[in-house]
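1. Need coordinates for the below:
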Amino acid sequence: MARVKYKQKGEQIIPNLFKMTRSRLLFLLPSSPGSFATLLVVIMTIQLLFVHFSGVHYFRFIPRDIWRIFHSYVLILSGLLLVKSPLYRFKWVSFFIQSVFVLIHCAFIGYFVKTKQSFDYAVAADNFNEIFYSESLLVILNGMDPTAYYIAFLGIGFIFYKWIKTPSFKFNKFSKRKYFSVLSVYILFVATPVIQFDEMTNFFRSTFAYYFQEPQRDYKFYFNENSFPFLTQADNKNKSVQHMPNIILLMVESFNAGFVNSENDEGKEYTPFFNQMIKRGVYIEHFYGTSVQTVKGHFSTLFSLLPLYKGKVYRQYEKNNFKGLAESLKDVGYKNYFFNGHNSTGFDNTRSMMLTHGFDKYLVGKELVDESEKESWGSWGLSDDELYKRVFHFLESLESNDSPLFITITPSYHHVPFTIPIEKQEIYDDPISLRSRYANSIRLVDNSFKVFFEELSKRPKFQDCLVLITADHSFPVGDHGIYFNEVGYYEESFRIPCLILWEDQIQPKWDKVNVFSQLDIAPTILGAINALPSTHHFQGKDMLKQKIDKSPVFLIQPYNGTILGVIDFPFKYMKRIRTGEEWVFNLGEDPKEERNIINKMINNQQLDSLKKSMEYIFLNQYLIENNLVYFE
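-> Have a look, this model is predicted:
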């Protein structure tokens with residue numbers, strides 16, 4: 001009998017120990033964690049399983065990984081307590097706030113699951129004015145995996161049912177001392193530099209870095225105060241503008257150079273027409289967009305300056321002194337027109353910026369084609385072929401004069417999620433993956449090039465015409481497992497096409513030696529007609545010159561922790577500013593960037609030179625922010 005009692009007592013030790021530990025913990029907390037805490041633990045556990053099995057991070061039974069997991073759970077639960085505890089008297093207000101808290105967590109988790117990266121506050125801060133456009137909301141939703149939401153809504157529904165069935169709840173009395181104890185723990189864990197997987201905390205960390213991290217402190221640049229380091233005296237005193245062709249600059253949306261002269265597994269070329277056109281002009285093999293966003297690519301192309309790594313010039317520094325490509329051409333007699341396939345006049349403040357800096361007219365898709373013509377429109381604007389037709393139709397309607405024209409056209413139909421009508425799908429009949437949708441969409445871009453050149457050839461006025469085809473930025477479609485522009489930093493996120501066509505005026509060639517970027521477009525166009533201003537701030541080179549001095553190309557990924565890079569071919573150096581992570585790739589030997597050779601270059605003069613050259617990015621930022629690029 002005594003033995004049975006002893007056995008029963010032993011069996012109760014563990015449950016009693018658990019109850020005692022739980023009661024002691026609850027005594028220390030300002031309120032009981034409750035059902036929402038259980039729901040968050042379930043969601044976090046599923047997220048950690050994804051982290052492990054997707055290869056983001058393989059957890060092992062070692063102290064470091066155990067601490068990371070513990071760290072993550074403490075953060076989500078303490079965050080929930082901080083939200084719910086002050087509301088202990090208000091049952092349904094507490095329910096609503098906790099539900100919102102869980103759903104916000106799910107939004108961050110959904111982004112992480114889709115991109116395998118934490119959501120960077122810089123994405124929201126730099127693009128706040130554009131977030132509420134319907135097409136932007138579509139991109140945001142496309143960037144989130146909904147699984148966490150499904151679990152959350154089921155859990156919230158169950159909790160709602162449970163609360164309805166329980167009319168009265170016993171809440172702990174609110175204790176300020178306990179509340180601030182939890183707050184102290186939360187702040188301590190947030191501030192501890194541990195890689196963890198509470199995505200809301202990671203968002204807060206990126207917010208802090210955005211406002212308080214000053215990476216320029218690690219880089220030094222020197223120049224005389226109130227001087228203009230970018231100003232250059234052009235060597236063209238004895239040259240004059242004699243030949244003034246019409247000039248068309250075509251900046252295609254999201255044009256990844258990896259699809260040029262390439263084909264799918266079935267042998268279908270992605271861009272057959274463009275591939276043929278390459279034979280008629282100068283094509284640059286190693287050509288880069290300076291960043292990953294339209295407004296930044298346009299700025300570099302039209303002003304020959306790097307974009308900001310934090311913020312947008314078009315919104316924040318529109319009134320700065322710049323003298324870009326349009327103004328330089330206007331000085332020698334050109335009339336300048338900008339045609340945007342997108343249907344918003346206010347997106348990224350582009351219209352105002354263009355009209356301020358040299359363009360005579362700026363038109364968007366809906367000002368060229370009525371929006372009721374549904375077949376001509378996609379989620380991001382007017383179809384490319386229709387845009388080209390309407391541009392030439394508009395130009396024909398202008399009063400006849402002898403002024404040459406500078407025309408910038410920026411189609412926007414080829415945009416993520418790259419969905420096009422079934423009848424226009426030529427590469428894949430059932431495009432499920434992003435890559436297959438991109439392939440169909442880029443073929444449609446290529447077909448539209450045919451329309452562009454057909455329209456061009458019909459107009460005698462454009463028989464003498466310099467055409468430059470490039471992109472605003474590239475777009476990754478699965479290489480290195482990356483499908484989002486705000487995440488990538490490999491070649492597929494930056495390398496874009498550049499084709500220069502001017503019949504009977506330039507010798508066709510495929511330049512596989514030199515490395516250029518969008519900074520080089522304005523000097524090339526102006527150099528081709530001897531119109532480079534005597535004093536200018538252009539930071540690029542003339543790509544058509546016989547002798548070209550080697551210089552580095554700079555890359556800016558403003559998101560994902562701010563990744564800055566420089567290419568001094570064949571070496572490419574990248575650094576994530578927030579964490580200090582570094583990569584070096586030898587593009588000559590490793591074009592797919594599979595081997596980070598940073599550890600093989602320690603105490604290497606080449607590496608030191610690459611790192612030092614990054615000072616230029618911060619100098620560029622400083623000069624733009626302080627309006628020291630150009631003076632009237």
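
2. Need phi/psi at the spatially most central residue of the chain.
-> To find the centre residue of the chain, average its C-alpha atoms and take the closest one (Cα atoms, centre = their mean): that gives Glu486, at 3.1 Å. The main-chain torsion angles of Glu486 are listed as degrees, to the nearest 10 and equal phi -80, psi 10.

3. For it, report the pLDDT, please.
-> What the model reports as pLDDT for Glu486 is 91.

4. Contact partners for it?
-> Going by Cβ atoms under 8 Å, 6 or more residues apart in numbering, Glu486 touches 115, 120, 123, 292, 557, 559-560. All C-beta atoms are positioned from the backbone trio N, CA, C, and that covers glycine.

5. Ala408 against Ile247, yeah?
-> You called it Ala, but residue 408 is Thr. No: counting by Cβ atoms under 8 Å, Thr408 sits too far from Ile247 to count as a contact (9.0 Å).

6. how about the helices in the stretch 101-250 of the chain?
-> 121-126, 134-142, 147-165, 176-191, 199-212 (DSSP state H, counting those that start in this stretch).

7. Output those as CSV; include the columns mean pLDDT and mean neighbour count.
-> CSV is the format used below for these (pLDDT from 0 to 100; neighbours: other Cβ atoms under 10 Å):
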stretch, mean pLDDT, mean neighbour count
helix 121-126, 91, 19
helix 134-142, 76, 14
helix 147-165, 92, 15
helix 176-191, 88, 14
helix 199-212, 91, 18
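
8. Next, find the distance separating Tyr121 from Ile556.
-> Using Cβ to Cβ, to the nearest Å, Tyr121 is found at 17 Å from Ile556.

9. Let me fix that, I meant to ask about Ser379.
-> Counting by Cβ to Cβ, the separation of Ser379 from Ile556 is 27 Å.

10. Ok, Val56 next?
-> 25 Å.

11. Compare those two (neighbour count), which wins?
-> Higher neighbour count among Val56 and Ile556: Ile556, with 26 against 15, using other Cβ atoms under 10 Å.

12. what bits of this protein have low per-residue confidence?
-> Within the chain, the ranges that satisfy pLDDT under 70 run 1-32, 167-174, 236-240, 371-375.

13. Which strands and helices lie in contact with the lengthiest strand in the chain?
-> With residue count as the measure and DSSP state E as the assignment, the chain has strand 509-517 as its longest strand. Helices and strands touching strand 509-517, by 3 or more Cβ pairs under 8 Å, 6 or more residues apart in numbering; DSSP states H and E, are strand 282-288, strand 553-557.

14. okay, the angle between the helix or strand that it is followed by and strand 282-288?
-> Of the helices and strands lying after strand 509-517 in sequence (DSSP states H and E), the nearest is helix 521-528. Here helix 521-528 points in a direction 150 degrees away from that of strand 282-288 (axes from the mean of the first three to the mean of the last three Cα atoms, to 10 degrees).

15. List the contacts of helix 521-528.
-> Taking Cβ under 8 Å, 6+ apart as the criterion, the residues outside helix 521-528 that touch it are 247, 249, 301-304, 324-325, 328-329, 466, 468, 470, 498, 500, 502, 505-506, 532-533, 538, 540-545.

16. Can you flag which of the residues you listed belong to helices?
-> 301-303, 325, 328-329 (DSSP state H).

17. Would you map out the domains in this protein?
-> Structural domains annotated on the chain: 28-212, 245-533, as defined by automatic domain parsing.
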